[in-house]
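Visitor: test case, fold it:
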Amino acid sequence: MTSTKREVEVSYDVSNEFFRLWLDERMHYTCGVFEREGETLEQAQVNKSRALYEYAEVTPEKTVLDIGCGWGANLEYLSVAGCREAHGITLSSAQHQELVARNIPKVKVWCVDYRDYEPQEKYDALISIEMIDHLCSPAQANQGLAVDLYREYFRKTSTWVKPGACFGFQAILRNRVPRSRKDLEDLRFTADVIFPGGLNPRLEELVAAVNPHWEILELKTRREHYGKTTAEWLRRLRLHEKKIRDTWGDEVFTDYDRYLSTCVRAFANHWSGDVQMKLRVIG
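Guide: Modelled structure (predicted):
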């Protein structure tokens with residue numbers, strides 16, 4: 001992927017215990033789906049995994065790959081909800097170590113770049129949750145390379161599956177550009193400091209890039225859901241301010257408070273969005 005292993009580890013290897021303080025109990029670091037008023041973040045994350053499980057048409061007889069599997073929250077869901085075997089790949093050493101230590105039944109994981117991954121046999125289904133933002137850097141997007149990079153991702157993943165396989169796909173989106181200097185600086189800070197080397201795609205880029213390898217069967221946007229998710233992360237982060245400052249330093253707390261505050265504003269003001277797609281392989 002365009003983001004290097006070092007850049008990915010800047011984003012995800014601060015400390016597993018740090019992220020455990022403010023993410024949900026399973027450590028999903030992606031947008032939840034709030035189906036009813038008053039649902040907890042924990043339930044919203046279960047809803048998200050269920051939606052993608054259904055999009056991918058996973059069943060107890062199928063083998064599924066989670067591309068960019070994080071700390072394994074979705075792999076754990078797959079194991080419990082029902083699959084023959086669930087595989088995961090990540091570039092983060094800390095996430096991989098966490099997953100190996102957890103030893104989730106029916107789950108196997110690798111610390112590998114998706115470009116270098118070659119499955120031993122073709123999968124029945126794929127899931128990927130907000131990993132594609134690591135594929136194209138701002139510099140590459142400015143050179144007009146975004147769609148080509150995304151299309152190569154969709155081409156490669158199409159070779160990993162059996163005919164008729166479905167893909168439960170989720171991505172953060174970039175939408176409108178803010179007009180104030182402060183907002184632009186905060187978004188640039190988030191990209192450069194928290195997620196170096198990455199860039200959220202535009203929806204129209206993804207729609208173009210899935211062709212000619214996958215067809216879109218269903219598409220739902222989740223902007224408001226990500227606003228609720230990041231607001232809850234920010235609330236929980238601030239509850240642990242003293243511990244974070246004492247353990248990891250003032251800069252870590254300040255940086256993550258700024259980043260999550262920016263996220264809340266971004267989703268509220270349509271600078272950012274989120275999408276879930278049900279894809280089916282062509283051919």
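Visitor: all strands of the protein, in order?
Guide: Taking DSSP state E as the criterion, the chain carries its strands at 63-67, 85-90, 107-111, 123-129, 161-174, 214-221, 272-281.
Visitor: dump those strands to TSV, plus distance to S137.
Guide: Using the backbone N, CA and C atoms, a C-beta is placed for each residue, glycine as well. Listed next are the strands of the chain as TSV, based on distance: least, Cβ to Cβ, whole Å:
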stretch	distance to S137
strand 63-67	19
strand 85-90	19
strand 107-111	22
strand 123-129	19
strand 161-174	13
strand 214-221	24
strand 272-281	18
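Visitor: so which of those strands gets nearest L149?
Guide: Nearest to L149, of all these, is strand 161-174, at 13.2 Å by Cβ to Cβ.
Visitor: okay, angle between the closest one and strand 63-67 too, please.
Guide: Interaxial angle of strand 161-174 relative to strand 63-67 (axes from the mean of the first three to the mean of the last three Cα atoms, to 10 degrees): 30 degrees.
Visitor: show me what strand 161-174 is packed up against.
Guide: helix 41-55, strand 123-129, strand 214-221, strand 272-281 (3 or more Cβ pairs under 8 Å, 6 or more residues apart in numbering; DSSP states H and E).
Visitor: list the buried residues of the second one.
Guide: Going back to what we said before, that points to strand 123-129. Neighbour-count burial for strand 123-129 flags Y123, D124, A125, L126, I127, S128, I129 (criterion: 16 or more other Cβ atoms under 10 Å).
Visitor: given it, what are its sheet partners and their directions?
Guide: According to DSSP bridges, strand 123-129 forms sheet pairs with strand 63-67 (parallel), strand 161-174 (parallel).
Visitor: any idea how far that strand is from the middle of the chain?
Guide: Strand 123-129 sits 13 Å away from the centroid of its parent chain (Cα atoms, centre = their mean, to the nearest Å).
Visitor: give me the mean pLDDT for that strand.
Guide: For strand 123-129, the mean pLDDT works out to 98.
Visitor: contacting residues around that strand?
Guide: Applying Cβ atoms under 8 Å, 6 or more residues apart in numbering, the set of residues contacting strand 123-129 from outside is 30, 48, 52-53, 56-58, 61-68, 70, 74, 78, 84, 87, 157, 160-162, 165-170.
Visitor: buried set for stretch 107-127?
Guide: V107, V109, C111, D113, Y114, Y123, D124, A125, L126, I127.
Visitor: over to stretch 243-256?
Guide: I244, W248, F253, D255, Y256.
Visitor: same thing with stretch 221-229?
Guide: Result for stretch 221-229 [16+ other Cβ under 10 Å]: buried residues R222, R223, H225, Y226, G227, K228, T229.
Visitor: the longest helix along the chain - what's its average pLDDT?
Guide: Ranked by number of residues, the top helix in the chain under DSSP state H is helix 250-268. Here helix 250-268 scores 96 as its mean pLDDT.
Visitor: and of the strands paired with strand 123-129, who's closest to V100?
Guide: Closest to V100 of these, according to Cβ to Cβ: strand 63-67, at 15.0 Å.
Visitor: let me see the contact set for the closest residue to W110 other than its chain neighbours.
Guide: Spatial nearest neighbour of W110, excluding adjacent residues (Cβ to Cβ, 6 or more residues apart in numbering): I89 at 5.1 Å. Neighbouring residues of I89 by Cβ under 8 Å, 6+ apart: L65, D66, I67, G68, C69, V109, W110, C111, V112, Y114, Y117.
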